[in-house]
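A.B. asks: sequence first, then the predicted structure, then my questions.
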Amino acid sequence: TQSTRPQRILGAVQQNATRGDPRSVVRAIDQYCRSQEWAMNVGDEKGCILDSVVSEVNPSTVLELGTYCGYSTVRIASLLPPHAKLITLEFNPKFAVIARQVIAWAGLEDKIQLVEGSSGDLIPKLKEQFGVKAFDLVFLDHWKDRYLPDTKLIEECGLLRKGGVLLADNVICPGAPEYLEFVRSSPRYESQYFKSHLEYTKVEDGLEKSVFLG
Ligand SMILES: O=C(NCCCOCn1ccc2cnccc21)c1cc(-c2ccc(F)cc2)cc(O)c1O
Ligand SMILES: [Mg+2]
């Protein structure tokens, strides 16, 4: 029977990456998606910007919205200090099944908690269910029209610490215009745009980094 794109991405990881070596997992996915078939990973170019923001923030707790196959999950977790934790939310159970295997191949199960469901339902439960106090970094990479409502929800739930950072993928392509307008005009955020390209293409895209001023 016909395989799915996420299954083929997992195959590329199992064939070309070394177990327990997160960077080889990242490299294997990028090589596959650049040479065989495009997929909506943050990719290598925007991934370098992601790496620099993660390293600068040096977060103890990270929230990722949108796991897909776990590419950015592994990329972020590979840079976290020893006891740091990353919670990633994925809506599509078929993606979650693949992401769990990619995360396991990278050997990062202890740092990562993948939770299945929708952000609107799960965000209000993160404190009580997962003992989260506040996030140092939130990576937004899910439905682009959920970036703004979920940012407001995260604020309402007191889940973003003062000085915490929101990093949003795809603010140009596919685009998140209402979100951009909000974080760039709100006095409670200090925003910065990192111009780049849509993963594996020459199309313009970028990441928006917004520091929460409290
Ligand atoms: O759509 C994209 N990502 C989102 C996936 C669903 O996310 C759903 N989802 C995941 C957790 C989660 C939690 N709650 C609700 C929905 C939740 C996405 C799309 C493109 C893209 C760019 C150009 C094209 F021609 C076609 C596609 C690129 C990207 O980098 C993306 O990230
Ligand atoms: Mg994306």
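C.D. replies: Yep, it's here. Ligands and ions are numbered 1, 2, ... in the order given.
A.B. asks: quick check, the residue in this protein closest to ligand 2?
C.D. replies: residue 169 (3.7 Å; C-beta to the ion). For the C-beta atoms, the positions are set from N, CA and C on the backbone; glycine is no exception.
A.B. asks: list the residues that contact that residue.
C.D. replies: Listed by C-beta atoms under 8 Å, 6 or more residues apart in numbering, the contact set of residue 169 reads 42, 46, 66, 72, 139, 140, 141, 205, 207.
A.B. asks: do that again at 10 Å, thanks
C.D. replies: For residue 169, the contacting residues are 40-43, 46, 49-50, 65-66, 72, 139-142, 144, 147, 176, 196, 198-199, 205-208, by C-beta atoms under 10 Å, 6 or more residues apart in numbering.
A.B. asks: near ligand 2, which of those residues show up?
C.D. replies: Filtering those for neighbours of ligand 2 using C-beta under 5 Å from the ion leaves residue 141.
A.B. asks: how about the residues of the chain near ligand 2?
C.D. replies: Counting by C-beta under 5 Å from the ion, the residues of the chain close to ligand 2 are 141, 169, 170.
A.B. asks: could you dump the residues you listed to JSON lines with distance to residue 214, pLDDT and secondary structure?
C.D. replies: Shown next, in JSON lines, are the residues of the chain next to ligand 2 (distance: C-beta to C-beta, whole Å; pLDDT from 0 to 100; DSSP: H, G, I helix; E, B strand; the rest coil):
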{"residue": "141", "distance to residue 214": "24", "pLDDT": "99", "secondary structure": "coil"}
{"residue": "169", "distance to residue 214": "24", "pLDDT": "99", "secondary structure": "coil"}
{"residue": "170", "distance to residue 214": "26", "pLDDT": "99", "secondary structure": "coil"}
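A.B. asks: now the residues you listed as a markdown table including distance to residue 6?
C.D. replies: As requested, the residues of the chain next to ligand 2 are exported to a markdown table (distance: C-beta to C-beta, whole Å):
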| residue | distance to residue 6 |
| --- | --- |
| 141 | 15 |
| 169 | 18 |
| 170 | 19 |
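A.B. asks: okay, now residue 95: neighbour count?
C.D. replies: 20 (other C-beta atoms under 10 Å).
A.B. asks: please, which helix or strand holds it?
C.D. replies: helix 93-106 (DSSP states H and E).
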